[in-house]
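> no sequence for this one, just the structure:
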């Protein structure tokens, strides 16, 4: 059983790889209170699952608990349980405060705007917590645009003099109208405007992993569409709470935001699905 990267940190994604001593029909796990869904790769004879560690996770040693089911049946006697411990270190994220200025409606909204905010929060509550056990991703996650990075995951932000939560995504410095590409194969979970996010696209890659694309000027997909890695899903812009045109990308795994740069650094298999 292995993890990639070898050094796990809070806020970081992780790929678990398991080569069990027996041939399993299915493999499931529990990690930091979350259920893991593994996919079998017929080529390497290994099981894989994408997961992550929240920013709030205290450094220490944590257990990955696995349960495999053999192909001879589904009785309890045919289930095999095993555990592996992994150390989690504290991630080093920028401490530099980013001073930003946005329109007052985003820091002091009126009652009508507050209603729009609440509606957007409900949409995110209804959609972003969904977990699709089946894997749709295949191979590496790639950058949604070829551009320099203007703000990184975990940096501290200030809006109109008020400290906000850490930056939970990656900002690409792109002008309005730049094509935005899907980071991997997936299904369009959301494609609609929200108050803070502006024109907002969310892709479901399976195993509880979502990628989020904010502040778009135009949609190129609709909800329910299946997309391939690299497919254009929208054009960049400055809609919603944005200080100017740019692309904000976030990665969310089972209600936990992860560093998109860390996800793109993982070397992921192009999985063959036959078992």
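Great, that's in hand. These figures come from a predicted structure and were not determined experimentally.
> could I get the average pLDDT for stretch 189-207?
On average, the pLDDT along stretch 189-207 is 96.
> now do that stretch: distance to the chain's middle.
Remark: stretch 189-207 is offset 12 Å from the chain centroid, using Cα atoms, centre = their mean, to the nearest Å.
> buried sites along it?
189-191, 194-207 (16 or more other Cβ atoms under 10 Å). For glycine as for every other residue, the C-beta is placed from the backbone atoms N, C-alpha and C.
> and it, end to end?
End-to-end distance of stretch 189-207: 14 Å, with Cα to Cα, to the nearest Å as the criterion.
> quickly find the element holding the closest residue to residue 166 other than its chain neighbours.
Excluding its sequence neighbours, the residue lying closest to residue 166 (Cβ to Cβ, 6 or more residues apart in numbering) is residue 154, at 5.3 Å. Following DSSP states H and E, there is no helix or strand that holds residue 154.
> re the thing from before, what about the buried residues of stretch 189-207, which are in strands?
189-191, 194, 198-204 (DSSP state E).
> and the residue lying closest to residue 17 once chain neighbours are set aside, how many neighbours?
Leaving aside its chain neighbours, residue 17 sits nearest to residue 2 (4.8 Å; criterion: Cβ to Cβ, 6+ apart). Residues within reach of residue 2, counting by other Cβ atoms under 10 Å, total 12.
> renumber starting at 40 from here on
Okay, residue one is now 40; in that scheme the one you just asked about reads as residue 41.
> isn't residue 41 up against residue 47?
No - counting by Cβ atoms under 8 Å, residue 41 does not reach residue 47; the two are 11.6 Å apart.
> let me see the domain layout of the chain.
Annotated domains of the chain cover 41-128, 136-304 [automatic domain parsing].
> list the contacts for residue 192?
Applying Cβ atoms under 8 Å, 6 or more residues apart in numbering, we find residue 192 in contact with 50, 132, 205-209, 296-301.
> now go through those residues and say which are in helices.
299-301 (DSSP state H).
> so which of those residues wins on neighbours?
Among those, the one with the most neighbours (other Cβ under 10 Å) is residue 299, at 26 neighbours.
> can you tell me which residues contact it?
180, 192, 208-209, 222, 250, 288-290 are the contacts of residue 299 under Cβ under 8 Å, 6+ apart.
> from residue 156, how far out is it?
From residue 299 across to residue 156, the span is 25 Å (Cβ to Cβ, to the nearest Å).
> which helix runs longest in this protein?
helix 150-166.
> returning to that earlier point: go through the contacts of residue 192 and say which is closest to residue 109.
Among the contacts of residue 192, residue 297 lies closest to residue 109 (Cβ to Cβ), at 32.6 Å.
> quick one, helices of the stretch 90-239 of the chain?
143-146, 150-166 (DSSP state H, counting those that start in this stretch).
> so which elements touch the longest one?
If I follow you right, that is helix 150-166. Counting by 3 or more Cβ pairs under 8 Å, 6 or more residues apart in numbering; DSSP states H and E, the packing neighbours recorded for helix 150-166 are strand 225-233.
> contact partners of the strand it packs on?
159, 162-163, 166, 169, 171, 175-176, 238-245, 249-250, 258, 260-266, 272-273, 278-279.
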